[in-house]
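Participant: Fold the following and give me the result.
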Amino acid sequence: MEKPSTKLEVLWSPNNPEEFAAFSKELKLYTFKKLESPEAVIPSSDLKLDQRHYGKLIGAGSSEVQCTAHQCVAWQVNQRNRYCFAVGQNSGKVILTNPNGGSLVTLQQLSPRNNRPCLCTAWSTSETDLLAVGLDKARNDSSLIVWDTTRAPSERGTQESSFPSDDNAKCFEIGQGEATSAIAWSPLNPSYCLIAAMGNKYLRLFDIRDKHPSAGLTQPQEYVSHKGLSSLCFDPSTPHQLATHADGNTVFIWDIRHFSKPMYSFSRNGTFARLSWMPTRHGCLSAIMTESPFLRLIDIPLFMQSSDTQGDMGELYYEHLAHHLTDRCPYLQTHFQPYAKLSCVAWHPQWGNLGIVANMNGTLNVLQAYDKTPLSWTGSDSLMFGRSSHICASKAEGYSKLEEDISSKMQARVKAGYGFDVEANIRLVEGEPALTEVWKWMQLHGEIAAKGLIPADKPLRSLSGVCSVLNKQRTTSEGSKKVSALDRSEETLPFPIYCSSGRTEAMLLCGWSFVTQGNSLEDYLKREELSCNHERAAAIAVFQGHIRRAIVCLKDGADAALHHGNQTKASLYSLLALALSGYTCKDSKLWQDTYTSMKAQIRSPYLSCALSFLCCSLHDSFGDVLSMSQPDMSYQDCVAFACMYLDDSQLLTYISELTKKLVAQGKINGLFLTGLPDEDGVTLMTNYVNLTGDVQTACLVAGQVLPSMIKTKVVSSWFQGYKDLLDQWQLWSYRAHFEGEAKRRDPTLKPPKQASVVCNFCGKSLITDSGQERRMGHGVGATGRKPLPRCALCLVNMVATTAASKGVTNQFGQWFTWCQSCRHGGHASHIDQWFSTHTECPVTGCNCHCFALDSC
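Facilitator: Prediction:
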């Protein structure tokens, strides 16, 4: 309970979350309700709090208790009598009263032996009949009394003067000759543990079960001398944390488990008048300053520390808070008169960050204190932020789900088996076209390399790209052979085609396997049709000059569309098949005009490009087909088409411009052009990682051509970053599998040494960098010849052994293990056996709970 004041005070009911009390010159009870509208009219007896809330009067006190005598008030936790208050008087008497109704009913009266002001009262939340009372000092009387209200006389309707004094109701008392200015029951042990600020210089912790054998008075279990303690309050979310303030501008944070000194103190401009913790927000301390219209919120960060830790806890706590303590001022008295001073704030114990604020003029207002909004940018340039208990990402269209973030995608992928297996990766990224193209291209590269159609290293150390294949042709001075289209098709097309070994390899890398002997176009088209890619099959047939076969593809596509109930697509396919049947290379002006009129109806990229190709002139550069501003076809089909119909100069220009574009945009499906570990390929993947944050795919793609890729500094950073991500997600088995597979592909990779056991005398590691134990005697160091520590259980000196040195698969049981707190340990197998039945350290005299610390 705070230091008393004659100003307006507010208490929330501990028995009903919708009720609160306000008291100054009289005690009134209200029910917290919402207004139907801001203009709603309420009875004059009710209390309007703001534009949305008001208090409905349900009870008030009368003149039976003098108005000036309301020194301090405490509300009892009691479901049988929900409106029982302990009202402290200037005379020192404490009246238990019930103001529910038109008059205030006195239930009991508790009187000290000597009259003096009652400074504070507090009910126990566990033993609800125990009431602690703090009084001003008296020479021969105690200032701290704990009353058991079940022993006190009770007479309803009796006049105040007729209550007899009964010392039997006093359970405990202490503090002769000194004042008790503030008291509180400890949330850790609310039935018997009491803390009090006494004598304006002591903070004392009592166990009221313990009585002095001679005097019958409670003795302090722990106490600390500290000047100017005027109030105290426990943090509801951290029961062992206590805040006090002295007369001035300093606040002290205490841990009652280590009561010798405050854990931290801080000062602010002005003088502190009131402190209170926000119950629904962890570590948030609200403060009212004297003569200030501001309410200040001070965020005290959580400091994880075991109750058994001794030593430098105070210094650690101080250092931790000094870097993380933040202030906010969420409330200015704009609803009251200008710059009206605050008197108190009462936070609701359950409703999130809601409180009632009172000012010196006796006006109440509702306060909703909003949390600070944490912000963070994602890899896809979305802004992540906390909103209430949810995590959101802002985009142009509004909020998106957390699952869309790349970190969530990567975590889901690795759990599903996303790794170095190319075929498995194709299945896992089925819904992402760009990644699907990349992994299918790698699968294709492996297949054609296995057949000897393109040169490849064994083991695979590089992935040939279209650029490297065509550049090799240029360096060998091998020109392309110009062939008439009549030599390649049954229909007559006016466009010549170009052939060379380099172009053939490039088209193979683009997936056009039918360009080599032993692979027919018919088989290729049938596979596309079985995959329901009728549009692509028809377009490739047109590019190859097989118009009739393209018509068959469209008819089959129309039948399939009808089977699936898509009448519109079936009609379009039938119309285009009819249009192709009328195509001739001679006098095609009428056909071209007809296509131009129906071009807007064709939404298929492949069919549109195929018909645009037939409309091109003899010396055209096929700009409508190979447009780079908005490619209609896949990049691989565009490049394969260019290799077929562009001359050497046009082809190199087109490939160079397309490569620059894809590298600059970070399009990972452009790797079929650059290859790996080509410099352009590394730059492309770097831009891809910077754009998307998908370091996972970058590592797995680069891992296909180890060790050549790992030599690049930026690639090494990807590998380390991805391993750190797996550690943060606690996916240690997946990280081990990743490192194991990378080492299998590149035996020269050496995982960095994370930790090592060193000799305390010579400072050298007991294990060499190669993993072999140093040559030493049994339990003796390598250089200094000093004995190694003894096992706490078997008392034998430790020996540094490794699996590599003994030729066995598991020597963990003989290795070192120790507690990070008390530094005691021994053989891993012995320690494991000990803690299977114990929680404390096995060393005699050490009370460290090693096992409990490890499980936190």
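Participant: where does Ile42 fall, phi/psi-wise?
Facilitator: In terms of degrees, to the nearest 10, the main-chain angles of Ile42 are phi -120, psi 160.
Participant: so is the closest residue to it other than its chain neighbours in a helix, a strand, or just coil?
Facilitator: Closest residue to Ile42 apart from its sequence neighbours, by CB to CB, 6 or more residues apart in numbering: Tyr54 at 5.3 Å. In this view, the C-beta of every residue, glycine as well, is placed from N, C-alpha and C. Tyr54 carries the three-state label strand when classified by DSSP: H, G, I helix; E, B strand; the rest coil.
Participant: ok, now the one 5 residues further on?
Facilitator: Under the three-state scheme (three-state DSSP), the conformation of Gly59 reads as strand.
Participant: just Ser716 next, same as before
Facilitator: helix.
Participant: In space, not sequence, find me the middle residue of this structure.
Facilitator: Ile391 (8.2 Å; CA atoms, centre = their mean).
Participant: Wait, that residue touches Met384, no?
Facilitator: Yes. Using CB atoms under 8 Å, Ile391 is in contact with Met384, at 6.5 Å.
Participant: per-residue confidence for the nearest residue to Leu788 once chain neighbours are set aside?
Facilitator: Leaving aside its chain neighbours, Leu788 sits nearest to Met798 (4.5 Å; criterion: CB to CB, 6+ apart). Reported pLDDT at Met798 in the predicted model: 77.
Participant: got the CA positions of stretch 8-25 in PDB?
Facilitator: Output of stretch 8-25 as PDB, limited to C-alpha atoms (Å, rounded to 0.1, in the frame of the first residue of the first chain):
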ATOM      1  CA  LEU A   8      -8.300  11.200  -4.500                       C
ATOM      2  CA  GLU A   9      -7.300   7.600  -4.600                       C
ATOM      3  CA  VAL A  10      -8.500   4.600  -6.700                       C
ATOM      4  CA  LEU A  11      -8.600   0.900  -6.000                       C
ATOM      5  CA  TRP A  12      -9.700  -1.900  -8.300                       C
ATOM      6  CA  SER A  13     -11.700  -4.700  -6.700                       C
ATOM      7  CA  PRO A  14      -9.700  -8.000  -6.000                       C
ATOM      8  CA  ASN A  15     -13.100  -9.800  -6.100                       C
ATOM      9  CA  ASN A  16     -14.800  -8.500  -9.200                       C
ATOM     10  CA  PRO A  17     -12.800  -7.200 -12.200                       C
ATOM     11  CA  GLU A  18     -15.600  -4.800 -13.200                       C
ATOM     12  CA  GLU A  19     -15.700  -2.800  -9.900                       C
ATOM     13  CA  PHE A  20     -13.500  -0.100  -8.500                       C
ATOM     14  CA  ALA A  21     -13.500   2.300  -5.500                       C
ATOM     15  CA  ALA A  22     -12.600   5.900  -5.300                       C
ATOM     16  CA  PHE A  23     -12.000   7.600  -1.900                       C
ATOM     17  CA  SER A  24     -10.800  10.900  -0.600                       C
ATOM     18  CA  LYS A  25     -13.300  12.600   1.800                       C
END
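Participant: Show residues contacting it.
Facilitator: Outside stretch 8-25, the residues within contact range by CB atoms under 8 Å, 6 or more residues apart in numbering are 6-7, 27-33, 47, 55, 58, 67-68, 70, 73, 75-79, 82, 85, 125, 343-351, 356, 358-360, 362, 364.
Participant: quick one: the strands in the stretch 51-200 of the chain?
Facilitator: 53-60, 72-75, 85-88, 94-98, 105-110, 118-123, 130-135, 144-148, 170-174, 180-185, 193-198 (DSSP state E, counting those that start in this stretch).
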